[in-house]
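# quick one: sequence plus predicted model below, questions after.
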Amino acid sequence: MIQSFIHAQKADTLLIVDDNEINREVLDHIFSVFYPTEHAENGKIGLDKILACPENYCAVLLDVVMPEVNGIQVLHRLHEEGLMEKIPVFLITGEASDAVMKEAYGLGVMDVISKPVVPYIVQRRVNSVVELFRARKILGNKVEEQQSELLVQAQKIIRLNEGMIESLSTAIEFRSGESGEHVRRIHDITRHLLRHTDLGDGLTEENIEHIALASIMHDVGKIAIPDAILNKPGRLTPEEFDTIKTHTTKGAALLEKIPQLREHESYRYAYDIARHHHERWDGRGYPDGLKGDEISIWAQIVALADVYDALVSRRCYKEAFPREEALNMIREGKCGVFNPLLLDRFFSVEKELSRLYSPQKEEN
């Protein structure tokens, strides 16, 4: 609060703009006991002073009839610069016609005071407005400080929530005998495809970040799958495979039951991805048999990223395939049917994606 008060007090100089020296001295005599004062003998000089350092002035006392630039012209320029809301301006003039007053008030002048001035009246009217502006600045600074503090707290909460999401997803991967790096790679592949190809057209950077975060929850439903099936090293029976397939619907149902997550921007993407990342372009996937563009582009991307990562990584039931063999398997449709456009964009950036697995390979 003290810092806000000091900041507000910086604007402590009263500027008197009048071409008549006697008028300037009269006003100076009235106000110099309250403020440091500056004089300008015409509108141009006064305008130049204000525009050079608007933060210096707590108020401007402005005559109307002056050479070079008159008071109304000064008001127009200050209005254009947005300064009338920041510096209280008072017209002190012997030309207080209805037309002048109407135009002045329309431009945002605080008050129109007729000459000759009555000292205690002009003093009271000006001082009251200056104190009001100072109080408003102090309050405004305090509100800005509080908003900044709230923003910092909100960012901390967001990071905490995202950390909890990552921890849950990683824990599930460890449970299925996989490295926690799997979810991080799915995140990075998803984000890269949306950022660096036209698959992300129409999405903002914020959308892409939310989708990438949502992608790490794609297998959250595996928490409901028995260990004996989840970590079985050999081929699954049809019944066991049917059980595995339920991780899509169970994952979506689990996400739906977390109130805090439902308030997160990533929720709608996470729900869709968890439920639909095993749908196929030809409609032969599960659980809903979606086909073609019925499947969201983010669910399609995560599905391909999941297959790619599974092929080039070691799993409890297999060794990692060599990169070229894995790419041929995807290209030939041995691991599912994918959107041709998605495949084209994937292969166009796959060399960059492969660095997630073997950083030194691309250097040699």
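Right, received. Where do you want to start? Numbers count the residues shown, from 1 in each chain.

# surely Y271 meets A252?
Yes - if you go by CB atoms under 8 Å, Y271 and A252 touch, sitting 5.3 Å apart. All C-beta spots, glycine's among them, are computed from the backbone N, C-alpha and C.

# and the strands in the stretch 101-250 of the chain, which stretches?
Secondary structure of the stretch 101-250 of the chain by DSSP state E, counting those that start in this stretch: the strands cover 111-114.

# low-confidence regions, this protein specifically.
Applying pLDDT under 70 to the chain picks out residues 1-11, 96, 140-180, 316-317, 358-364.

# how's it carved up into domains?
Domains of the chain are assigned by automatic domain parsing as 2-147, 176-356.

# just the CA atoms of stretch 42-51, as PDB, please.
The C-alpha trace of stretch 42-51 is given here as PDB (Å, rounded to 0.1, in the frame of the first residue of the first chain):
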ATOM      1  CA  ASN A  42       0.400  29.400 -24.400                       C
ATOM      2  CA  GLY A  43      -1.400  26.200 -25.300                       C
ATOM      3  CA  LYS A  44       1.400  24.800 -27.400                       C
ATOM      4  CA  ILE A  45       4.000  25.000 -24.600                       C
ATOM      5  CA  GLY A  46       1.500  23.600 -22.200                       C
ATOM      6  CA  LEU A  47       0.600  20.700 -24.500                       C
ATOM      7  CA  ASP A  48       4.300  19.900 -25.100                       C
ATOM      8  CA  LYS A  49       4.900  19.800 -21.400                       C
ATOM      9  CA  ILE A  50       2.000  17.400 -20.800                       C
ATOM     10  CA  LEU A  51       2.800  15.100 -23.700                       C
END
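
# what comes up buried for it?
N42, G43, K44, I45, G46, L47, K49, I50 (16 or more other CB atoms under 10 Å).

# just how off-centre is it within its chain?
The chain centroid and the centroid of stretch 42-51 are separated by 39 Å under CA atoms, centre = their mean, to the nearest Å.

# go on, stretch 113-129?
47 Å.

# pull out the buried positions in that stretch.
Neighbour-count burial for stretch 113-129 flags I113, K115, V117, V122, Q123, R125, V126, V129 (criterion: 16+ other CB under 10 Å).

# give me the most central residue, this structure.
For the chain, the residue nearest the mean C-alpha position is E206 (7.4 Å; CA atoms, centre = their mean).

# list the contacts of that one.
E265 (CB atoms under 8 Å, 6 or more residues apart in numbering).

# same question for A326.
Y308, L311, V312.

# just checking, the first one touches H192?
Read it as Y308. No - with contact defined as CB under 8 Å, Y308 does not count as touching H192 (11.7 Å).

# the two: who's more crowded?
Counted by other CB atoms under 10 Å, Y308 and H192 do not tie: Y308 has more neighbours, with 25 against 20.

# host element of the more buried one?
Assigned by DSSP states H and E, Y308 falls within helix 297-312.

# from the chain's centroid, how far away is that helix?
Helix 297-312 sits 28 Å away from the centroid of its parent chain (CA atoms, centre = their mean).

# tell me the angle of the very next helix or strand once past that helix relative to helix 297-312?
Where DSSP H and E defines the elements, the next helix or strand beyond helix 297-312 is helix 323-331. Here helix 323-331 points in a direction 140 degrees away from that of helix 297-312 (axes from the mean of the first three to the mean of the last three CA atoms, to 10 degrees).

# whatever helix or strand comes next after helix 323-331: which residues count as buried?
Next along the chain after helix 323-331, taking DSSP H and E as the criterion, comes helix 340-353. Residues of helix 340-353 classed as buried: L342, L343, R345, F346, V349, E350, L353 (neighbour count, 16+ other CB under 10 Å).

# who touches helix 340-353?
Contacts of helix 340-353 (CB under 8 Å, 6+ apart): 188-189, 192-193, 196-199, 297, 300-301, 304, 308, 327, 330-331, 362.

# out of those, which are buried?
188-189, 192-193, 197, 199, 297, 300-301, 304, 308, 327, 330.

# max pairwise distance over the residues you listed: which two?
Across those, the longest distance by CB to CB is 21.1 Å; it joins I297 and L327.

# sec struct for I92, please.
strand (DSSP: H, G, I helix; E, B strand; the rest coil).

# how many other residues sit next to it?
26.

# contacts only, for it.
Contacts of I92 (CB under 8 Å, 6+ apart): D18, N23, L27, L61, L62, D63, I113, S114, K115, V117, V122.

# can we see that at 10 Å?
Contact analysis of I92 by CB atoms under 10 Å, 6 or more residues apart in numbering lists 16-18, 23, 26-27, 60-64, 71, 111-117, 122, 126.

# please tell me how far it sits from G221.
Distance, I92 to G221, using CB to CB, to the nearest Å: 76 Å.

# what's the answer for R134, then?
Taken as CB to CB, the span from R134 to G221 is 60 Å.

# which one's more surrounded, those two?
In this view R134 and G221 are compared by other CB under 10 Å, and G221 has more residues nearby, 23 against 16.
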